[in-house]
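Peer 1: here's my sequence, what's the structure:
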Amino acid sequence: GNIFFLAMNLRGYLKWKKIKNKKNIKKMIQLDSLPQTEVKEGFNARFVHTENMTLGYWDVVEGATLPMHSHFHEQVTQVLEGKFELTVGEKTLVYEVGQIVVIPPNVPHGGKALTDCKLFDIFCPVREDYQIL
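Peer 2: Numbering: from 1, shown residues only. Here you go, the predicted model:
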């Protein structure tokens, strides 16, 4: 029992030590200092890429549509401002401030901004296609 916990704690410590020693870790990222990119008409984003995930902060113009699509990434989307109609699979719902949807890998999804919106996405693994924008 105790040896297992000691081993797990040592493993965690070594992983922390490895991360702590990396030179490229940023302690703070100022969101508004990141470049904003128009990924699709009406969808403007700022991205943060880590080793294992991509964070997307979106400003979406009222009426902008995202065609149905799918990708191998798991996605979590939160509405920070506005109303966004989102279809996941065959279910369509209107998401508002504070609501979150989890989109499993390879599930078709798409939507429309019913108002100007601010959305926050988490993708895992990293969206390599967004790294090159």
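Peer 1: contacts only, for Tyr57.
Peer 2: By Cβ atoms under 8 Å, 6 or more residues apart in numbering, the contact list for Tyr57 reads 31, 34, 45-48, 118-120. Where you see a C-beta, it was placed from the backbone N, CA and C, and this is true even at glycine.
Peer 1: pull out the buried residues from those.
Peer 2: The neighbour-count test (16 or more other Cβ atoms under 10 Å) marks 45-47, 119 as buried among the contacts of Tyr57.
Peer 1: need the max-distance pair from the residues you listed.
Peer 2: Greatest spatial distance in the buried ones among the contacts of Tyr57: Phe47 and Leu119, 12.7 Å, computed using Cβ to Cβ.
Peer 1: what is in contact with those two at once?
Peer 2: 56-57.
Peer 1: list the contacts of the nearest residue to Pro35 once chain neighbours are set aside.
Peer 2: Leaving aside its chain neighbours, Pro35 sits nearest to Arg46 (7.0 Å; criterion: Cβ to Cβ, 6 or more residues apart in numbering). Arg46 is in contact with 31, 34-37, 56-57, counting by Cβ under 8 Å, 6+ apart.
Peer 1: quick one: the contacts of Tyr57 as TSV, columns for pLDDT, secondary structure and distance to Gln99 too.
Peer 2: What follows is the contacts of Tyr57, written out as TSV (pLDDT from 0 to 100; DSSP: H, G, I helix; E, B strand; the rest coil; distance: Cβ to Cβ, whole Å):
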residue	pLDDT	secondary structure	distance to Gln99
Leu31	92	helix	21
Leu34	94	coil	25
Ala45	97	strand	19
Arg46	97	strand	21
Phe47	96	strand	22
Val48	95	strand	22
Lys118	98	strand	13
Leu119	98	strand	11
Phe120	98	strand	11
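Peer 1: closest one of the residues you listed to Met68?
Peer 2: Leu119 (16.9 Å).
Peer 1: what's near enough to touch the closest one?
Peer 2: Leu119 sits next to 56-58, 60, 77-80, 84 when contact means Cβ under 8 Å, 6+ apart.
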